[in-house]
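*Asks:* model this:
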Amino acid sequence: MTTPPPLPNERFTFGPLPSGHSPASLIEALLKYPGQIIHELQFNWRSALTIWFMIFAVAGMALYGLVVGSFAGGAQFWIAPAKLALGTVLSVLICLPSLYIFACLSGIDAHLRTVTGVFFASVGLGALLLVGFAPVAWIFSQSSDSVPFMGALHLTLWAIGIHFGLRLIKGMSQLLTGRIGTQLRLWTLIFIVVCLQMTTALRPIIAPGKTFFPTEKKFFIDNWFESLSGGAKRN
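*Replies:* Numbering: from 1, shown residues only. Below you'll find the predicted structure:
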């Protein structure tokens, strides 16, 4: 029996993945055919898919962390990748339960394993985009000594990456319900705030610090204002 053609969608084309799921083909599907990823995780789930997407997310953030660490050099070459990878995993684990609950409230009939896979695929896609932005970030890290500017640049590139990555969450809702519920829009805001707070909880990431982790609690907006007013420079 031949497989019917994928159904059209305004943003995604939903349908099964081609046979053979190498890392390269999964990356290509994430970039070109994200609807196939969602379809596969819902209707033909395999643990290997979720594991690969988790690897893409962690490895991609760690690779981008090398560029972040190149701003200060020295120990930051391993501290920045470690913190970005750790922060990514923690943010996903913190927000996964609420994503599943909000997905159920939106009327999405999906298993927890499907939601988990789509979540890691979303973060993995955002990380892949950051890897693509790495040369842009690197040239500024080597030609600027302003910590606030580099922080703003990295946040801007991350925002672009996460915007495209989170479209997979919306695509999951469109595939299974035909709409995007208000609950998922609210969850998206929660996830972004958690990620921003994580950058403060794991500071310093761009510039070197006296301790590996901060010794005081601080809200991310307060941290941003202090950094901007201080006009910190690379040592």
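*Asks:* contacts, neighbours, all on C-alpha from now
*Replies:* OK.
*Asks:* where does the protein dip in pLDDT?
*Replies:* Using pLDDT under 70 as the threshold, the predicted model of the chain has low-confidence ranges 1-12, 20, 178-180, 230-235.
*Asks:* residue nearest the middle of it, spatially speaking?
*Replies:* residue 123 (3.1 Å; Cα atoms, centre = their mean).
*Asks:* which strand or helix spans that one?
*Replies:* If you go by DSSP states H and E, residue 123 is part of helix 112-143.
*Asks:* just to revisit the earlier point, run through the residues that contact the residue nearest to the centre of the chain.
*Replies:* For residue 123, the contacting residues are 57, 162, 165, 166, taking Cα atoms under 8 Å, 6 or more residues apart in numbering as the criterion.
*Asks:* now swap in residue 136 and tell me
*Replies:* When contacts are counted by Cα under 8 Å, 6+ apart, residue 136 touches no other residue.
*Asks:* thinking again about what came up before, need the max-distance pair from the contacts of residue 123.
*Replies:* Largest separation among the contacts of residue 123 by Cα to Cα: 57 and 166, giving 12.9 Å.
*Asks:* flag every buried residue along the helix holding residue 123.
*Replies:* Neighbour counts using 16 or more other Cα atoms under 10 Å place 112-131, 133-134, 137-138, 140-141 of helix 112-143 among the buried residues.
*Asks:* what does stretch 87-95 give?
*Replies:* Under 16+ other Cα under 10 Å, the buried positions of stretch 87-95 are 87, 88, 89, 91, 92, 95.
*Asks:* which of those residues fall within strands?
*Replies:* Secondary structure assignment by DSSP state E places none of these in strands.
*Asks:* with distance to residue 107 added, can I get those in a markdown table?
*Replies:* Supplementary listing: the buried residues of stretch 87-95 in a markdown table, determined by distance: Cα to Cα, whole Å:
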| residue | distance to residue 107 |
| --- | --- |
| 87 | 30 |
| 88 | 27 |
| 89 | 27 |
| 91 | 24 |
| 92 | 22 |
| 95 | 19 |
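*Asks:* out of the residues you listed, flag the one nearest to residue 63.
*Replies:* For residue 63, the closest of the buried residues of stretch 87-95 turns out to be residue 88, at 12.7 Å, with distances computed as Cα to Cα.
*Asks:* verify the stated contact: that closest one with residue 58.
*Replies:* Yes - shown here, residue 88 and residue 58 form a contact pair, counting by Cα atoms under 8 Å, at 6.9 Å.
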